[in-house]
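[1] Return atomic coordinates for the entry below.
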Amino acid sequence: MNGSAPDGAAVHPAAPAAPSVPDMPAASEGGVQPPAPECLYADEDLIVLAKPSGLLCVPGRGPDKQDCLSARAALHWPGACVVHRLDQATSGLLLMALHAGAQRALGHAFATRQVHKRYVAVVHAAPGSAPAESAPATPPVITPAHAPACAQALVTEGHWHSIDLPIAADWEQRPLRVVDRRHGKPSLTRWRPAPAAGDSPGWAPGTLRVLLEPVTGRTHQLRVHMAAIGHPILGDALYAPPCVQARAPRLLLHAQQIAFAHPRTGAPLSFHLPAPF
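    Have a look, this model is predicted:
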């Protein structure tokens, strides 16, 4: 994990003690204080946290869905507010603002695509279906079921591949999303093969470790796009077939890098958090 502090910004301890915030749960139903979020960086304007897989970003509906990263953060950084989200099953870097001005500035940066995000995932890849890291970049083989919708959606850019497929809500199977060329919103993802981590348990054969960069930010975008081109993410309970879902105990998708300009000083910030898989 690493990050660079902006010039003139006061860096505080990763999890400074602070009074509980009103209306925020100070403890679980069993009376146990929820663990403090892992923090990579904090100053008077923002914090960068590590979200574990399985934890919501914001509260859901019902008393059993009130424990979430934003509530835990507010116990230690009063005023902390969300500027973007990760799926509950996704782990990795999450940026939060500490006051309304920072939230507006960071929200604008996300809306105008001034925030760079990179994910790592392990996907299903039948033998011969994915390009080698050192080979000339060519689109992966599209399964027959997806070929009509996706054959023209892949664009090669050097060693990066672009998936340009519009995404819409599946109103009959919410919260699922679907590729919908008529009603979907423009959605663009860049991806490429990635070398396995040095301590990776090794998911081969039949899998591929990939880097993913969402240009747009649709709900479930990376999961929908990779499944649409025949490379569903291992452990994906929503978009992978049962045999692929069962290959991992969790969704193997992790937000490992984020880079942006500090909302007050304009200084560049960049953070990296290795994937736990």
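[2] can you give me the strands for the protein?
    Remark: strands assigned in the chain by DSSP state E are 2-3, 38-42, 46-51, 81-82, 91-97, 116-124, 154-157, 160-164, 167-169, 177-179, 188-193, 207-214, 253-261, 268-272.
[3] Adding mean neighbour count, write those strands out as a markdown table.
    In short, each C-beta sits where N, CA and C put it, glycine included. Formatted as a markdown table, the strands of the chain follow (neighbours: other CB atoms under 10 Å):
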| stretch | mean neighbour count |
| --- | --- |
| strand 2-3 | 12 |
| strand 38-42 | 19 |
| strand 46-51 | 24 |
| strand 81-82 | 18 |
| strand 91-97 | 24 |
| strand 116-124 | 23 |
| strand 154-157 | 14 |
| strand 160-164 | 19 |
| strand 167-169 | 19 |
| strand 177-179 | 21 |
| strand 188-193 | 20 |
| strand 207-214 | 21 |
| strand 253-261 | 22 |
| strand 268-272 | 16 |
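[4] Rebuild those strands as CSV, extending it with distance to L106.
    Shown next, in CSV, are the strands of the chain (distance: least, CB to CB, whole Å):
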stretch, distance to L106
strand 2-3, 15
strand 38-42, 14
strand 46-51, 7
strand 81-82, 10
strand 91-97, 5
strand 116-124, 13
strand 154-157, 28
strand 160-164, 26
strand 167-169, 24
strand 177-179, 25
strand 188-193, 21
strand 207-214, 17
strand 253-261, 7
strand 268-272, 11
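[5] got a markdown table for those, with mean pLDDT and distance to L69 too?
    Rendered in a markdown table, the data for the strands of the chain read as follows (pLDDT from 0 to 100; distance: least, CB to CB, whole Å):
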| stretch | mean pLDDT | distance to L69 |
| --- | --- | --- |
| strand 2-3 | 45 | 18 |
| strand 38-42 | 98 | 10 |
| strand 46-51 | 98 | 5 |
| strand 81-82 | 96 | 8 |
| strand 91-97 | 98 | 6 |
| strand 116-124 | 97 | 17 |
| strand 154-157 | 54 | 34 |
| strand 160-164 | 97 | 28 |
| strand 167-169 | 98 | 24 |
| strand 177-179 | 98 | 22 |
| strand 188-193 | 97 | 24 |
| strand 207-214 | 96 | 19 |
| strand 253-261 | 98 | 12 |
| strand 268-272 | 98 | 16 |
